[in-house]
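> what's the 3D shape of this:
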Amino acid sequence: MTHCSARSNREWSPSLAEAFKLIILPATKDGMTRAELHQYLEFNHGPLVMRYPDVSSCFTEYIHHYVESEAALRAGCDAVTTISFASLAGLQASKANENYRLHVGPDEDNFRDEATSRAYSGQVRMIRNGSRVARYKLLIFRRLSDCTDSQREWENHVIKRLNNGSLSVGRVSINRLAALGGSCEYDILDEISLDDAACASAIEAELSEAPSGLLVGDSATLITRPRIFV
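Coordinates of the predicted model:
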């Protein structure tokens, strides 16, 4: 059993100069199907964002992950959007302009329910480098025990399990999460690039063999198709 003292590194208050990752789980608008959401993000919202450089030019990454299957995540999560910036100031600049206020922001209401959507900041650690281009991406949201070093312990566990080439994985990164408003349901997001979605169950089984007491509650496993805009 893992014995730990209360931790404080779950809270993260980035400075303006630190790299910043925004992770959005939009709750699909009532009356819209998963396929319709994917179509809207692909052909309407994504291109709209890219149309305005004062909104998107500070992105270092902009990806819509279209969910193909899910487990243990509440209904309505049909996509996950990740947007990375060189700093928190980049996010602030992206939203503090007229084109976001008049065009991009209002368009979000065409596909998502604001009240039940969720957003996290992510502090990223690269575990296994590789191409960002992948046919599939496995996204796993996890809750960790209340231990001072549990996030570092999880990262070391993933390195041991996935960085030795024994499983067919590409790029692997781990995001330390902090909720942007509301409660923090998850502490960690694993991002694992795959060429074959059939590998997902074997990878999840391998990672589930974690040190005793490190994981708590249910994880949320999503198999997605990433659409890279930036």
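> Could you give the backbone dihedrals for residue 212?
The phi and psi values for residue 212, taken as degrees, to the nearest 10, are phi -60, psi 130.
> what's the pLDDT at it?
Looking at residue 212, its pLDDT is 93.
> Any figure for the gap between it and residue 145?
Relative to residue 145, residue 212 is positioned 10 Å away (C-beta to C-beta, to the nearest Å). For glycine as for every other residue, the C-beta is placed from the backbone atoms N, C-alpha and C.
> Looking at the two, which one has more neighbours?
residue 145 (19 against 8; other C-beta atoms under 10 Å).
> how far does the host helix or strand of residue 66 sit from the chain's center?
For residue 66, the element it lies in under DSSP states H and E is strand 59-71. Put simply, strand 59-71 sits 7 Å off its chain's centre (C-alpha atoms, centre = their mean, to the nearest Å).
> can you check stretch 100-114 too?
20 Å.
> now do the same end-to-end measure for it.
Using C-alpha to C-alpha, to the nearest Å, the end-to-end distance of stretch 100-114 comes out at 16 Å.
> For it, buried residues please.
Buried residues in stretch 100-114, counted by 16 or more other C-beta atoms under 10 Å: 100, 104, 107-108, 111-112.
> Equivalent analysis for stretch 44-52, please.
In stretch 44-52, counting by 16+ other C-beta under 10 Å, buried: 45-46, 48-49, 52.
> list the helices and strands the longest helix seen in the chain packs on?
Counting residues, the longest helix found in the chain (DSSP state H) is helix 150-162. Applying 3 or more C-beta pairs under 8 Å, 6 or more residues apart in numbering; DSSP states H and E, one finds that helix 150-162 contacts strand 112-128, strand 136-144, strand 172-179, strand 188-194, helix 200-208.
> Please repeat the previous calculation with a cut-off of 6 Å.
strand 112-128, strand 172-179 (3 or more C-beta pairs under 6 Å, 6 or more residues apart in numbering; DSSP states H and E).
> Go ahead and name everything in contact with stretch 157-172.
127-128, 130, 134, 192-193, 199, 203, 206-207, 210 (C-beta atoms under 6 Å, 6 or more residues apart in numbering).
> again with stretch 101-116
With contact meaning C-beta under 6 Å, 6+ apart, stretch 101-116 is reached by 26-27, 29, 37, 40, 45, 48-49, 55.
> what do you get for stretch 198-209?
138, 161, 167-168, 221, 223.
> neighbour-wise, which of the contacts of stretch 157-172 leads?
Highest count within the contacts of stretch 157-172 by other C-beta under 10 Å belongs to residue 192, 26 neighbours.
> That one pairs with what?
residue 138, residue 172 (DSSP bridges).
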